[in-house]
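Q: Provided below for reference: sequence and predicted model.
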Amino acid sequence: MALARCEHHGKPKGRTQTYVQSIKPLNWPKTAAVCGLSGCKRAGLIWLNESESRAYVSDQRVFGFNNASMKVRAV
C-alpha cells in the first residue's frame, strides 16, 4: 500500500513493504496529500511498492493508503 512522505523525510523504510518509486500527487506541491510522519504538515509525495509502480506505468492513477483512511489521485 502507498505511503505519503514529504521531500524532507524522503523514502520510507517500510516494515512489510519495499517502496521503489515516488510520484507527485495531483496539484503538486499544493496538494491535499500530507506527509504521514507524526507532526509533519509538509506536502507528501506518494511512495509506491513494486506492484503499485507497475500499475502506475500501466496508467493506474488512484492508489490506496495503508490504513484506508484516504486515497490520492496522481498526475
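A: Good, I have the coordinates.

Q: From here on, just use CA atoms for contacts and neighbour counts.
A: Noted.

Q: Contact partners for the residue nearest the centre of the chain?
A: The chain has Ile46 as the residue nearest its centroid, 1.8 Å off, counting by Cα atoms, centre = their mean. Applying Cα atoms under 8 Å, 6 or more residues apart in numbering, we find Ile46 in contact with 2-5, 22-25, 33.

Q: ok, and the closest non-adjacent residue to it?
A: Leaving out its chain neighbours, the residue that sits closest to Ile46 by Cα to Cα, 6 or more residues apart in numbering is Ala4, at 4.7 Å.

Q: which helices and strands sit right next to the one helix or strand that neighbour maps to?
A: Assigned by DSSP states H and E, Ala4 belongs to strand 3-5. Counting contacts by 3 or more Cα pairs under 8 Å, 6 or more residues apart in numbering; DSSP states H and E, strand 3-5 is packed against strand 45-49.

Q: what's the host helix or strand of Ser53 in contact with?
A: In the assignment (DSSP H and E), Ser53 maps to helix 50-57. By Cα under 8 Å, 6+ apart, the list of residues contacting helix 50-57 from outside reads 1-2, 18-21, 63.

Q: tell me the angle of it relative to strand 45-49?
A: With axes from the mean of the first three to the mean of the last three Cα atoms, to 10 degrees as the basis, helix 50-57 and strand 45-49 are set at 120 degrees to each other.

Q: Let me see the contact set for His8.
A: With contacts defined as Cα under 8 Å, 6+ apart, His8 has no neighbours.

Q: if we can go back for a sec, in strands, which of the contacts of helix 50-57 fall?
A: Using DSSP state E, the subset of these located in strands is 19-21, 63.

Q: Pick out the most distant pair among those.
A: Spatial extent of those (Cα to Cα) is set by the pair Val20 and Phe63 at 14.7 Å.
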